[in-house]
Structures are given as structure tokens and as C-alpha cells.
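Asks: below are the sequence and a predicted model for it; my questions follow.
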Amino acid sequence: MNPTESAGFPDATLLPAEAREWLSRPSAARIAMVWQDGGRNVYPADLNVAKRVLEAFPRQADAAAINREHGQLTARELVDRGIGQFLDLGCGYPLFGHISEPALRTELDEIVHEANPLARMVHVDLDRGAVAHSRAMRTAGAGSHGPVVLSGDILDTAQLLDAVQDLGYLSLNHPVGVFVHDVLPWAADDLQVLAAMARLRRWLPAGSVLSITHSSPELAGGWLAGAERVLRQAGIPYRPRPRSLIADLFGDWPDLDGGSLRLLPTAHHHDEHSRRSAPPATPAAYAGIAVKPLSVAPWAPR
């Protein structure tokens, strides 16, 4: 489905006035759905912005597909390496099959639980629609190890992590795999983003893995600048960052495979990626996966 054409969005006229007003404003979480499922469950305001972004950055849908496949490959790798609990920050709307490419239909929690039925995952998002949809479609029964969904702001990291810890669902006695995929560009303040990731790294137990994908003007500067202008005009903050600043989000953590952090274009990070031959400008984003050392010198930045 062409994301700039018609879409089967719900009838907003049937909703209360407050909800109609909220849905009249474009949402970053719903706009992101357009690149995944063609816009079948979004509203006209979202489709209008999505169309203008596509005009500025024609490869946006390909970039979203590359990012999604990278997440799937990362989830499989972390389960294979023995990680049994996960935190998905900025989970967005679940799609569950509403994607034209069959290989991309599987959600992260489905991948994790297929490999390890006892694994635990907490999904977090700030968008209340994404949280409501996720709770409806990712319900874990009593005593189940299925996913849990929280409403939270990644920039209010202390409160968010307190809420995660209060659940008693994830154990800080064991490593946690954290996904922060295409989330941080939607926060414009560099200092806030750096502080949020620093607090997250301190909170995580040794052996935890941090996976981040982040758009960068060094890979597709002109196109991303156009997309950034469109989003800002719509009242949506968007901040592609230089590679050096993205690397700072990992602190001094080494690469998952050892040695210095490998920060590569998203399509190039996993050898198995089906779009590995895509030029860096197509994903327009870097990906890195780092692990918290088992011991850190007390004077070292974390």
C-alpha cells in the first residue's frame, strides 16, 4: 500500500472531543507506522506529514524496514547469547502481520519467546495510543512470562526505571537486553538524551546489552535535513545526530563482540541482514550494540 494514498483509519467523529483534538495532531508513533504498514491505522494528520516526509526523504520506508530487520536480528542474537530479559524502550505500535514483507512481520517479543518461552520483556512508550494498543495485543496472563507494557518517558529516566523496577518483573541480578531503536532522534535536546542514556547505563547490571539505532546527517544529510524541517513544522521534534555523539550514548562500554564499539550503518551491522548491500544513505542511521563490563573502575565514566 502506498503510504501517501488512502488508509483505513478509524472514524474520529465517533470519539469524544478531547480524543478528536488529540488525534487531530500528528503523532510521531503513528507516523512511524505509515512506513511499516502503509498507514492503515493512522489519521489524516499523520498521513499528511508522512507524505511530506516521503517527498523530502524518498527512502524513508526502506530505512524503516532496515531498522526493523536489524531489531529482529539483534533480538535473536541476544537470546542465543543467553539474555533472558529485555527492555524495549520506545516500542511504538505493535503491527503483528500488517506488513507487506512476511519476514518483517514478527515482533521482538515473539522472536524472544519463540526462542525462550521463559524470557521476559517490558515494552515502554510515551504515546498513549501505542501503550493502549500494545496492552491490548500483548496481554500476559496471570503467572505468564509474556510481555508487559508500561507508559513512560525515556527522558524522565529515573521515574521510568523506578516504575520498571517496581514491577518486580525484571531482575537486576541478571543481565538485561535493552532496545533503543529509532527512538532518540525524536528527542531534540542533546544534553537530555546523553543524561538519559548515562542513567540507564548506571542502572543496568553488569553483562547487560544496549542496542541503539540513530539517524545521522553524515549518512544522508540533505534528505534528513528536509525530513527534519517537515517534522518540526508539524510540531514534532526530530534530531539526527553526528556519529561521534551517537557513540557517546554508549559511554565507554565495549562492543558486544569485544573491543571498541562498532558503530555501522544499520544495514551493515549484521552479516545476515537481507539489505546488507544497501548504501549507507538508505538506512541513514547508525547501529551499535555494546555490553556493560563485568567490572568497571570506580573513576571510569559509565
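Replies: In hand now; what should we look at?
Asks: tell me how many other residues surround residue 271.
Replies: The number of residues packed near residue 271 is 7, by other Cβ atoms under 10 Å. Placement of C-beta: from N, CA and C, glycine included.
Asks: need the strands for the stretch 51-200 of the chain, in chain order.
Replies: 85-89, 120-125, 148-151, 177-181 (DSSP state E, counting those that start in this stretch).
Asks: could you dump those to a markdown table with distance to residue 159, mean pLDDT and mean neighbour count?
Replies: Shown next, in a markdown table, are these (distance: least, Cβ to Cβ, whole Å; pLDDT from 0 to 100; neighbours: other Cβ atoms under 10 Å):
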| stretch | distance to residue 159 | mean pLDDT | mean neighbour count |
| --- | --- | --- | --- |
| strand 85-89 | 13 | 97 | 24 |
| strand 120-125 | 11 | 95 | 25 |
| strand 148-151 | 11 | 93 | 20 |
| strand 177-181 | 17 | 98 | 24 |
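Asks: so which of those strands comes closest to residue 71?
Replies: strand 177-181 (5.1 Å; Cβ to Cβ).
Asks: hang on, the earlier thing: now distance to residue 202 too, for the strands of the stretch 51-200 of the chain, in JSON lines please.
Replies: Shown next, in JSON lines, are the strands of the stretch 51-200 of the chain (distance: least, Cβ to Cβ, whole Å):
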{"stretch": "strand 85-89", "distance to residue 202": "14"}
{"stretch": "strand 120-125", "distance to residue 202": "18"}
{"stretch": "strand 148-151", "distance to residue 202": "20"}
{"stretch": "strand 177-181", "distance to residue 202": "13"}
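Asks: out of these, flag the one nearest residue 188.
Replies: Judging the strands of the stretch 51-200 of the chain by Cβ to Cβ, what sits closest to residue 188 is strand 177-181, at 16.0 Å.
Asks: backbone torsions only: list them for residue 291.
Replies: Backbone dihedrals for residue 291, given as degrees, to the nearest 10, come out at phi -120, psi 140.
Asks: can you pull the contacts of it?
Replies: Going by Cβ atoms under 8 Å, 6 or more residues apart in numbering, residue 291 touches 207, 208, 209, 210, 253, 254, 255, 256.
Asks: which of those has the most neighbours?
Replies: Within the contacts of residue 291, most neighbours by other Cβ under 10 Å means residue 210, with 24 neighbours.
Asks: what helix or strand is that one on?
Replies: Here residue 210, judged by DSSP states H and E, is contained in strand 209-215.
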